[in-house]
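**Q** Model the following, please.
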Amino acid sequence: MSLKERFYLKASIGGILGVFVGVGIASLSGDPVSDRVPLIIQLLLYAGMGVVGNGGSIVYYIESWSSAKATLVHFPCVIVYFVIMGLILDFGPFWMYLIMCGAMAVAYFVIWLVNYIKGKRTIKAMNDELKSFKSRPESDN
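**A** The predicted structure is shown next:
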């Protein structure tokens, strides 16, 4: 599957999930429909969050990029979209944005750290296997 096809698939899935998650969170917060913003705009903004988040994760499939670089590209896109969406939908006072952005930063860091540790372990296991393969006598290879 090409990068472009993968993006379209991930963006479509993200858009659908974004609507469901957005409506779910809005319902749990006690204000499922804002009086200020028409419902269709709210749904499009929720879908957009899914497209940016899930569709934007395509940067992790760019083989020439490190996971750090992909994260440093993906994270600001998600944060900027979230803040814009929050301002349009009036998520609350400024401190609420700081808390949410901080929570997202922590989540990104934890996910990145777990993937980094997993990657290091995989590389170490591959190197160990390669060393043991090289140290065998020629007739066993």
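**Q** how near is the residue nearest the centre of the chain to residue 16?
**A** Among the residues of the chain, the one closest to the centroid is residue 53, at 4.8 Å (C-alpha atoms, centre = their mean). Counting by C-beta to C-beta, to the nearest Å, the gap between residue 53 and residue 16 amounts to 12 Å. Where C-beta positions appear, they are placed from N, C-alpha and C, glycine not excepted.
**Q** what's the answer for residue 133, then?
**A** Relative to residue 16, residue 133 is positioned 46 Å away (C-beta to C-beta).
**Q** With neighbour numbers in mind, choose between those two.
**A** For the pair residue 133 and residue 16, the greater number of neighbours falls to residue 16 (14 against 10), based on other C-beta atoms under 10 Å.
**Q** Now do the helix or strand containing the more buried one, average pLDDT.
**A** Assigning secondary structure by DSSP states H and E places residue 16 in helix 3-28. The predicted model gives helix 3-28 an average pLDDT of 92.
**Q** Packing partners of that helix?
**A** On a contact count with 3 or more C-beta pairs under 8 Å, 6 or more residues apart in numbering; DSSP states H and E, helix 3-28 meets helix 39-50.
**Q** How far away from the center of its chain is the helix it packs on?
**A** Between the centre of helix 39-50 and the centre of its chain there are 17 Å (C-alpha atoms, centre = their mean, to the nearest Å).
**Q** May I see the buried residues of that helix?
**A** By 16 or more other C-beta atoms under 10 Å, the buried positions in helix 39-50 come out as 42, 44, 45, 46, 47, 48, 49, 50.
**Q** Check stretch 20-30 too.
**A** Of all the residues in stretch 20-30, those buried under the rule 16+ other C-beta under 10 Å are 22, 23, 26.
**Q** Poorly predicted segments of this structure, please.
**A** Under the criterion pLDDT under 70, the flagged ranges of the chain are 31-34, 139-141.
**Q** Was I right to think residue 7 contacts residue 55?
**A** Yes - when contacts are counted by C-beta atoms under 8 Å, residue 7 is listed as touching residue 55 (5.7 Å).
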